[in-house]
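>>> Turn this into a structure:
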Amino acid sequence: MSEPTPLFKQLLAEFAGTAALLCAVIGSGIMAQRMSGGNDGVALLANTLATVFALYVLIETLGPVSGAHFNPLVTLVMWSKGQLAHANTAQAATLFIAAQLSGAVAGAALANAMFELPLLHLSQHLRGGWDAAGQFTGWGQWVAEAVATGGLLFTILRAPEGKAPALVACYIGAAYWFTASTSFANPAAVMGRMFSDTFAGIAPASAIGFVLAQTLGAALGVALAQVLSPKKTSV
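Residues are numbered from 1 along each chain as shown. Purely as a prediction, here's the structure:
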């Protein structure tokens, strides 16, 4: 039997994986914006493909190390179910989340650096919230984030063994297009994308609404997965 992976290696995997994911999301968004000639559909398609491919590779390569959460809500759900790969403690879950959030910021900085932009600059891309005139707009994007995150957690929990990398990547790719928010579905993604004023960014004013919607959606996704799970029968 192989020895459990040390916690520091798992934290490094979560940091590096989240950083790489956000670098792919933001970097492809910048490249797509520059090359699409103002066609948002083409830009979104390019952004989607890069994200899907990167997500699949990262889950396959880092999943055996840390579980490849790259998402604080996934970590919290796995902790609540006693399924953290190292020690199922609140301290381990907190460290996982810290690694993910710091990795997201590092990934944003790396993407910005590659395109010779300021390493960290706040986005002005409002995605739901109160605009400059004090009007509330974009509540549909918050609904979309609840749907996107609920579907993500449902997919993770119901995926057959060995199929999660492909199914998660496919779901996120689809949700880029069927949700009004382009499917962040991840508080760490919100954190990283706040620091890039580009196609993939999100204004800090919209961040809290996104995270609250994601949290609600995650709870609903977990509940649905639980309801649909087969009942265990006694022998």
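>>> I'd guessed Gly201 sits against Arg193; true?
Yes. Look at Gly201 against Arg193 with Cβ atoms under 8 Å: they come within range, at 5.3 Å. C-betas here are computed from N, CA, C, even on glycine.
>>> Find residues that contact each of those two.
Each of Ile26, Ser123 lies in contact with both Gly201 and Arg193 under the rule Cβ atoms under 8 Å, 6 or more residues apart in numbering.
>>> Have a look at those two and say which one is more surrounded.
Set side by side, Gly201 and Arg193 give different neighbour counts by other Cβ atoms under 10 Å, the larger being at Arg193 (29 against 23).
>>> Chain neighbours aside, what residue packs nearest to that one?
Nearest-residue entry for Arg193: Ile202, 4.8 Å, with adjacent residues in sequence omitted and distances by Cβ to Cβ, 6 or more residues apart in numbering.
>>> Tally up the residues packed near the one you found, please.
Using other Cβ under 10 Å as the criterion, Ile202 is surrounded by 29 other residues.
>>> can you confirm it is in a strand?
No. Residue assignment for Ile202, taken from DSSP: H, G, I helix; E, B strand; the rest coil, gives coil, which places it outside any strand.
>>> show me what contacts it?
Contact analysis of Ile202 by Cβ under 8 Å, 6+ apart lists Ser123, His125, Arg127, Phe184, Val190, Arg193, Met194, Phe210.
>>> repeat for Pro187
Counting by Cβ under 8 Å, 6+ apart, Pro187 has contacts Asn71, Pro72, Leu73, Leu101, Phe210, Val211, Gln214, Thr215.
>>> ok, and what's touching stretch 29-40?
With contacts defined as Cβ under 8 Å, 6+ apart, stretch 29-40 is touched by 42-47, 111-112, 115, 117, 196, 198-201.
>>> buried set for that stretch?
Using 16 or more other Cβ atoms under 10 Å as the burial criterion, the residues of stretch 29-40 that qualify are Gly29, Ile30, Met31, Ala32, Gln33, Ser36.
>>> Filter the residues you listed down to the ones in strands?
Filtering these for membership in strands, criterion DSSP state E, returns an empty set.
>>> Would you reformat those residues as JSON lines and include pLDDT?
Rendered in JSON lines, the data for the buried residues of stretch 29-40 read as follows (pLDDT from 0 to 100):
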{"residue": "Gly29", "pLDDT": "94"}
{"residue": "Ile30", "pLDDT": "94"}
{"residue": "Met31", "pLDDT": "95"}
{"residue": "Ala32", "pLDDT": "93"}
{"residue": "Gln33", "pLDDT": "90"}
{"residue": "Ser36", "pLDDT": "90"}
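>>> is it true that Ala99 touches Phe15?
Yes. Checked against Cβ under 8 Å, the pair Ala99 and Phe15 is within contact range at 4.2 Å.
>>> So which of the two has more stuff around it?
Ala99 (27 against 22).
>>> Now do the contacts for that one.
By Cβ under 8 Å, 6+ apart, Ala99 lies in contact with Leu11, Leu12, Glu14, Phe15, Thr18.
>>> Ala87: which of those is nearest?
Leu11 (12.2 Å; Cβ to Cβ).
>>> thinking the closest one is in contact with Ile97, fair?
No. Assessed by Cβ under 8 Å, Leu11 is found out of contact with Ile97, at 10.3 Å.
>>> per-residue confidence for Ala133?
Ala133 is assigned 68 on the pLDDT scale.
>>> circling back to that earlier point, any quick ChimeraX command for the buried ones out of the contacts of Pro187?
This is how ChimeraX selects the buried members of those, with burial counted by 16+ other Cβ under 10 Å:
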select :71,72,73,101,210,211,214,215
